[in-house]
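A.B. asks: Fold the following.
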Amino acid sequence: MAAHGKHHTSHEIDIDAPAGTVYRVIADARRWPDFFGPTVHVEQEALEEGAERLRIWATANEAVKSWTSRRELDEAAHRVTFRQEVSTPPVAAMGGTWTVTERPGGGARLVLTHDFEAVGDTPENVAWVERATDRNSRTELGNIKGLAEGWEHLGELLFSFEDSVLVDAPAQAAYDFLYQAKKWPERLPHVTRLDLTEDVPDVQLMVMDTLAKDGSTHRTESVRVCFPDEHRIVYKQLVPPSLMATHTGEWTVRAAGEGGVRVASRHTVVVKEAAVTKVLGPEATVATARDFIRAAAGGNSMATLSLLKEFAESGQE
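C.D. replies: Numbering: from 1, shown residues only. Next up, the predicted model:
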């Protein structure tokens, strides 16, 4: 039962992997968007030794929430504690602990606990937080189990690539083209439809239909987090294409001398191994899938970058 408005939850899972491997997955928060379905983006700031501050954007009950947490990492004990410094309603306060212990018969047990307070301690807000915490905790524990148990194989499935162009235009012009994605159907031939909402400044929900070379149309749903002061946009596909377990990306605009900028598109993908032969045929391998994804996603990126260059250099608005 809750005491003085404080509520507690606990979730656990057994994992057939060493405790040290499980701990590494939890400790490396920068990779969470690639590993955990609900996590969209993480900004990491090192503090004193064994401590860090995280700014996290994640989906919760089909909404995007963000918060700032402080984490204390104890590698020897395989334990990470966290406490939100800035919460988003209906969460008023939240903290918890990840604890990894060795199982007597081998493998590890991972326990995730939360304590939280809801705004006003109303039944509706408490229920909302409990529901979101339960759903995300179960998803995260399942993801960690899969990752840790397949850790040695992950290097083949996880890969990144980047494309870029030099643009002879101000950084703001290039950034505006990327930020104003709702105008892409007018500007990009391969984008046939795009719905964009921005209920929270610089956090965009985007549903986009793109035209493939074979004439088929593919729909993607993404969350984009925009950093206008840095001329940078990060995103995560909520429902990635069938060959991908996860797909995250980043657009960056950086000074390149002589008044121009380099605009880059970076993708990070985890291949969904079970889908490889179903999508690409019985002879296909993970390497085949990587090449296919590189060509498809990179092709769309280069098409966007080429048109961005043309648009920004022409001085259009």
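A.B. asks: alpha carbons only for contacts and neighbour counts from here, please
C.D. replies: Noted.
A.B. asks: So what sits opposite Lys236 in the bridge?
C.D. replies: Val223, Thr248 (DSSP bridges).
A.B. asks: Wait, it touches Val40, no?
C.D. replies: Yes. Counting by CA atoms under 8 Å, Lys236 touches Val40, with 5.7 Å between them.
A.B. asks: what do these two both touch?
C.D. replies: Applying CA atoms under 8 Å, 6 or more residues apart in numbering, one finds that Lys236 and Val40 are jointly contacted by 33, 223.
A.B. asks: which residues of the protein fall in strands?
C.D. replies: For the chain, strands defined by DSSP state E occupy the ranges 7-15, 39-46, 51-60, 63-74, 79-86, 91-102, 108-118, 158-167, 191-200, 203-211, 217-227, 232-237, 244-255, 261-271.
A.B. asks: got a list of contacts for the third one?
C.D. replies: So the one you mean is strand 51-60. Residues contacting strand 51-60 (CA under 8 Å, 6+ apart): 38-47, 64-73, 132, 136.
A.B. asks: Just the buried ones out of those, please.
C.D. replies: The neighbour count (16 or more other CA atoms under 10 Å) marks 38-42, 44, 64-73, 136 as buried among the contacts of strand 51-60.
A.B. asks: follow-up on the earlier one: could you dump the strands of the chain to a markdown table with distance to Glu149?
C.D. replies: Output for the strands of the chain, formatted as a markdown table (distance: least, CA to CA, whole Å):
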| stretch | distance to Glu149 |
| --- | --- |
| strand 7-15 | 7 |
| strand 39-46 | 20 |
| strand 51-60 | 24 |
| strand 63-74 | 22 |
| strand 79-86 | 19 |
| strand 91-102 | 14 |
| strand 108-118 | 10 |
| strand 158-167 | 15 |
| strand 191-200 | 37 |
| strand 203-211 | 33 |
| strand 217-227 | 28 |
| strand 232-237 | 24 |
| strand 244-255 | 16 |
| strand 261-271 | 15 |
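A.B. asks: Nearest to Leu141 among those strands would be which one?
C.D. replies: Nearest of the strands of the chain to Leu141, taken as CA to CA: strand 7-15 at 6.6 Å.
A.B. asks: Alpha carbons of that closest one, as PDB, please.
C.D. replies: Output of strand 7-15 as PDB, limited to C-alpha atoms (Å, rounded to 0.1, in the frame of the first residue of the first chain):
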ATOM      1  CA  HIS A   7       3.700   4.100  -4.300                       C
ATOM      2  CA  HIS A   8       6.000   1.100  -5.100                       C
ATOM      3  CA  THR A   9       6.300  -1.400  -7.900                       C
ATOM      4  CA  SER A  10       8.700  -4.300  -8.500                       C
ATOM      5  CA  HIS A  11       9.400  -6.400 -11.600                       C
ATOM      6  CA  GLU A  12      11.900  -9.100 -12.100                       C
ATOM      7  CA  ILE A  13      13.100 -11.600 -14.700                       C
ATOM      8  CA  ASP A  14      15.600 -14.500 -15.000                       C
ATOM      9  CA  ILE A  15      18.300 -14.100 -17.700                       C
END
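A.B. asks: That one - what's its average pLDDT?
C.D. replies: Strand 7-15 shows a mean pLDDT of 98.
A.B. asks: In the sheet, which strands lie alongside that strand, parallel or antiparallel?
C.D. replies: strand 108-118 (antiparallel).
A.B. asks: hmm, who's touching the strand it pairs with?
C.D. replies: Counting by CA under 8 Å, 6+ apart, 5-19, 22, 89-103, 125-126, 129, 137, 141 sit against strand 108-118.
A.B. asks: Mind giving me the ChimeraX select for those, buried ones only?
C.D. replies: In ChimeraX syntax, the buried subset of those is picked out as below (16+ other CA under 10 Å):
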select :7,8,12,14,15,16,17,18,19,22,90,91,92,93,94,95,96,97,98,99,100,101,102,103,125,126,129,137,141
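A.B. asks: Need the mean per-residue confidence for stretch 304-315.
C.D. replies: Mean predicted confidence for stretch 304-315 is 94.
A.B. asks: One more: stretch 156-168?
C.D. replies: Stretch 156-168 comes out at a mean pLDDT of 96.
A.B. asks: C-alpha coordinates for it, PDB please?
C.D. replies: Extracted in PDB, the C-alpha atoms of stretch 156-168 (Å, rounded to 0.1, in the frame of the first residue of the first chain):
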ATOM      1  CA  GLU A 156      26.400  -8.600 -36.400                       C
ATOM      2  CA  LEU A 157      22.800  -7.300 -36.100                       C
ATOM      3  CA  LEU A 158      23.600  -3.800 -34.900                       C
ATOM      4  CA  PHE A 159      25.100  -1.300 -37.400                       C
ATOM      5  CA  SER A 160      25.200   2.400 -38.300                       C
ATOM      6  CA  PHE A 161      25.900   4.300 -41.400                       C
ATOM      7  CA  GLU A 162      25.900   7.900 -42.500                       C
ATOM      8  CA  ASP A 163      25.400  10.000 -45.700                       C
ATOM      9  CA  SER A 164      26.200  13.700 -46.000                       C
ATOM     10  CA  VAL A 165      26.300  16.700 -48.400                       C
ATOM     11  CA  LEU A 166      28.000  20.000 -48.400                       C
ATOM     12  CA  VAL A 167      25.500  22.900 -48.600                       C
ATOM     13  CA  ASP A 168      26.500  26.400 -49.600                       C
END
